[in-house]
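>>> have a look at this fold, sequence not included:
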Ligand code: AN7
């Protein structure tokens with residue numbers, strides 16, 4: 001077979017699969033690592049951006065989902081289910097379509113970005129809008145998966161973490177040494193997965209996790225009943241991987257800190273205008289955190305940009321400049337173009 005391998009084939013020896021398994025892949029992983037000159041200058045260290053929005057459905061979830069769906073097919077499942085703030089739903093829907101499995105996703109009504117909703121619907125998932133938040137949705141789908149023969153593909157499923165740990169492998173592959181990793185934290189699956197990946201390679205960069213101020217249970221140490229943030233992907237008040245995330249932070253001498261919505265939106269705009277990289281607001285929390293809290297004495301830093309900016313056109317249009325109307329004549333065009 002030619003072309004790049006999906007991540008199960010690329011890392012087969014470090015994943016719980018065998019060559020003969022019914023691998024479900026859209027050629028996820030192997031995402032670009034882009035040096036960030038403006039950001040590096042600003043923080044006085046070498047900063048790189050891991051562009052996870054370059055995965056097939058536009059987020060890091062694809063790394064975990066190819067493994068979760070491969071395992072589901074292997075185990076004879078006919079349907080999968082997840083709760084989601086959007087990206088997990090889009091990814092589950094795509095990989096289920098690919099595998100020929102039915103898929104149901106439960107999302108908080110009116111609280112997921114437009115692109116993610118369009119993806120889940122286009123891939124033919126049954127999309128259920130819960131009149132409640134993500135945490136309530138996760139409780140419900142866990143119960144449904146326990147009662148019915150439906151595979152749960154949230155990051156409580158360990159295959160998800162197995163897949164997502166491969167991003168740590170890629171960072172070490174390309175950078176050889178990385179001193180700190182900045183990462184947005186919602187349900188805390190991804191920070192747990194990265195730490196697992198680094199540990200398997202005997203690397204120990206500082207894990208710096210960032211939550212939105214209105215949804216920062218790991219910072220305050222208390223569950224948040226009504227999480228609120230512009231970064232809808234990380235609007236989560238009771239992370240399923242709470243203990244694992246805290247353990248990763250402690251073991252790596254890292255930190256989990258909060259950033260405000262204003263700081264997230266600043267970083268979101270700066271990445272787009274200064275680095276040419278368009279991520280979604282939740283992803284920008286990693287850079288907002290680095291700008292606000294620093295990374296100690298780390299010399300080489302990776303910021304994980306978890307999802308593509310096109311996922312959430314509404315937030316972009318609210319933050320960006322407006323378009324300039326123009327009549328179809330040369331003079332009008334000159335005025336419009338030259339200002
Ligand atoms: C862009 O899709 O939880 O800490 O249901 O979409 O592993 O939860 C998304 C999470 C960061 C946080 N960035 O990762 C879901 C969901 C983006 C995300 C996170 C999410 P975790």
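Yes, it's here. Since this is a predicted model, take the numbers as computed values, not measurements. Numbering: from 1, shown residues only.
>>> alpha carbons only for contacts and neighbour counts from here, please
Will do.
>>> quick one: contacts for the residue nearest the centre of the chain?
With the centre of the chain defined as its mean C-alpha position, the nearest residue by CA atoms, centre = their mean is residue 306, 3.5 Å away. Residues touching residue 306, when contacts are defined by CA atoms under 8 Å, 6 or more residues apart in numbering, comprise 50, 51, 52, 53, 59, 60, 184, 279, 280, 282, 283.
>>> residues near residue 7, how many?
Other residues within reach of residue 7 by the criterion other CA atoms under 10 Å amount to 24.
>>> give me the pLDDT for the closest residue to the ligand within the stretch 1-150 of the chain.
Closest residue of the stretch 1-150 of the chain to the ligand, CA to the nearest ligand atom: residue 84 (3.1 Å). At residue 84, the pLDDT value in this model is 98.
>>> thought residue 192 was touching residue 243?
No. Contact status for residue 192 versus residue 243: not in contact, 9.3 Å apart, counting by CA atoms under 8 Å.
>>> now stretch 320-339: average pLDDT?
95.
>>> what's the span of it from first residue to last?
For stretch 320-339, the first-to-last residue distance is 18 Å (CA to CA, to the nearest Å).
>>> residue 192 and residue 243: who's more crowded?
Of the pair residue 192 and residue 243, residue 192 is the one with more neighbours under other CA under 10 Å, namely 25 against 13.
>>> quick one: secondary structure of the more buried one?
Classification of residue 192 using DSSP: H, G, I helix; E, B strand; the rest coil returns helix.
>>> residues touching it, list them.
With contacts defined as CA under 8 Å, 6+ apart, the neighbours of residue 192 are 161, 241, 244, 245, 248.
>>> burial count for the residue of the stretch 1-150 of the chain closest to the ligand?
Per other CA under 10 Å, the neighbour tally for residue 84 reads 25.
>>> again, but for residue 177
Neighbour count of residue 177, defined by other CA under 10 Å: 15.
>>> and it, which of the three is it?
Using three-state DSSP as the criterion, the local structure at residue 177 reads coil.
>>> quick one: residues contacting it.
Residues in contact with residue 177, defined by CA under 8 Å, 6+ apart, are residue 300.
>>> check which helices and strands the one helix or strand residue 171 maps to sits against.
Mapping residue 171 onto the secondary structure by DSSP states H and E places it in helix 166-175. Helices and strands in packing contact with helix 166-175 are listed as helix 189-200; criterion 3 or more CA pairs under 8 Å, 6 or more residues apart in numbering; DSSP states H and E.
>>> tell me how far the helix it packs on is from the chain's mean position?
Taking CA atoms, centre = their mean, to the nearest Å, one finds helix 189-200 lying 14 Å from the centre of the chain it belongs to.
>>> again with stretch 175-188
With CA atoms, centre = their mean as the basis, stretch 175-188 stands 12 Å off its chain's centre.
>>> could you check whether it is close to the ligand?
Yes. Between stretch 175-188 and the ligand, judged by CA under 6 Å from any ligand atom, the touching residues are 184, 185, 186, 187, 188.
>>> so the third one: helix, strand or coil?
Read it as residue 186. Put simply, residue 186 is coil when judged by three-state DSSP.
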